[in-house]
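Novice: below: sequence and its predicted model.
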Amino acid sequence: MAAAIILRQYEEMEEGGTETRGDGRQLPVSSLAITHKIIDSMISSPLARSSLATAVYWIAIRQEVYDALMRKRAPCVAFTPEDWANATVANIIIMHAGEVTKWCWGDRSLSEYERLKLHQQQLISDYSSHFLPILQKPANKSKCEIFLTVWYTTDSQVTGVQHLEESSTPRAAHRKAKAQVRSIVLNLRGIAVDNFSNRMPALVNAVISIILYGE
């Protein structure tokens, strides 16, 4: 299981090979079918959920949702009541993203849309406090400070908030609200360097935001 998701990760980062099917079609070689089996087996066999198997399961879910978004297709995921009851905040948000993706390239029914909107509002109400920093201090311009100070308690909070900031303002808004975008970039950079220790994923996200702002 662990090997399969590692192979999937390489496939996401690199151009995959192709294989010839019986009808002569050239299709990309993919470990996606294996990750589908992992998801299905974990859902049907709760006793198999060791700590490693559980970690593999959630990574497979993320890979499936990511691939579905990239290929604009409905993901092959079906979450159980046990998943919703026992998942962490981050995994709950991933599951919701999976359901939204399934609706977007699935049946697109009005009833499901309304259910997802209500669920999203409930998630915001229940978990918005998880995205609040433990310390936030504006830059002191009288001391020539450029970046504000923002501290979070965990790496997952830092990464999640940075991605939320990046996705909240599309490119079109750069022209309409340059000052707001600049503020977001400074905020991302402040989050990256002003935590307890420099975290490489946070620094990478900050660099990406600066590059996008420059473009």
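Specialist: Sure, I can see it. Numbering: from 1, shown residues only.
Novice: just the helices in this protein please.
Specialist: 2-13, 32-44, 51-71, 81-86, 89-104, 110-127, 155-168, 171-176, 178-193, 200-214 (DSSP state H).
Novice: show me the contacts for the residue nearest the centre of the chain.
Specialist: Central residue of the chain (C-alpha atoms, centre = their mean): residue 94, 6.6 Å from the mean position. Applying C-beta atoms under 8 Å, 6 or more residues apart in numbering, we find residue 94 in contact with 58, 61-62, 65. Using the backbone N, CA and C atoms, a C-beta is placed for each residue, glycine as well.
Novice: distance to residue 179 for these - can I get that in CSV?
Specialist: Output for the contacts of residue 94, formatted as CSV (distance: C-beta to C-beta, whole Å):
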residue, distance to residue 179
58, 39
61, 38
62, 34
65, 34
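Novice: neighbour-wise, which one of these leads?
Specialist: residue 61 (24 neighbours; other C-beta atoms under 10 Å).
Novice: local confidence estimate at residue 100?
Specialist: Turning to residue 100, the model gives it a pLDDT of 96.
Novice: show me what contacts residue 39?
Specialist: 57, 60-61, 64, 76-77.
Novice: quickly check those residues for the two that are furthest apart.
Specialist: For those, the farthest-apart pair by C-beta to C-beta is 57 and 76; their separation is 13.7 Å.
Novice: any idea how far residue 89 is from residue 153?
Specialist: Per C-beta to C-beta, to the nearest Å, residue 89 is found 13 Å from residue 153.
Novice: if you count what's nearby, which of these two comes out ahead?
Specialist: For residue 89 versus residue 153, neighbours defined as other C-beta under 10 Å are more numerous around residue 89 (15 against 12).
Novice: pipe the helices of the chain into CSV and attach distance to residue 133 per row.
Specialist: Shown next, in CSV, are these (distance: least, C-beta to C-beta, whole Å):
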stretch, distance to residue 133
helix 2-13, 30
helix 32-44, 34
helix 51-71, 25
helix 81-86, 27
helix 89-104, 16
helix 110-127, 15
helix 155-168, 8
helix 171-176, 23
helix 178-193, 8
helix 200-214, 13
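Novice: can you pull the pLDDT of the nearest residue to residue 119 once chain neighbours are set aside?
Specialist: Spatial nearest neighbour of residue 119, chain neighbours left out: residue 96 (6.3 Å); criterion: C-beta to C-beta, 6 or more residues apart in numbering. For residue 96, the model assigns a pLDDT of 96.
Novice: what residue spans form the domains of this protein?
Specialist: Per the record, the chain has its domains at 2-130, 135-214, by automatic domain parsing.
Novice: dump the contacts of residue 39 to TSV, plus pLDDT.
Specialist: Putting the contacts of residue 39 into TSV (pLDDT from 0 to 100) gives the following:
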residue	pLDDT
57	84
60	87
61	90
64	89
76	87
77	87
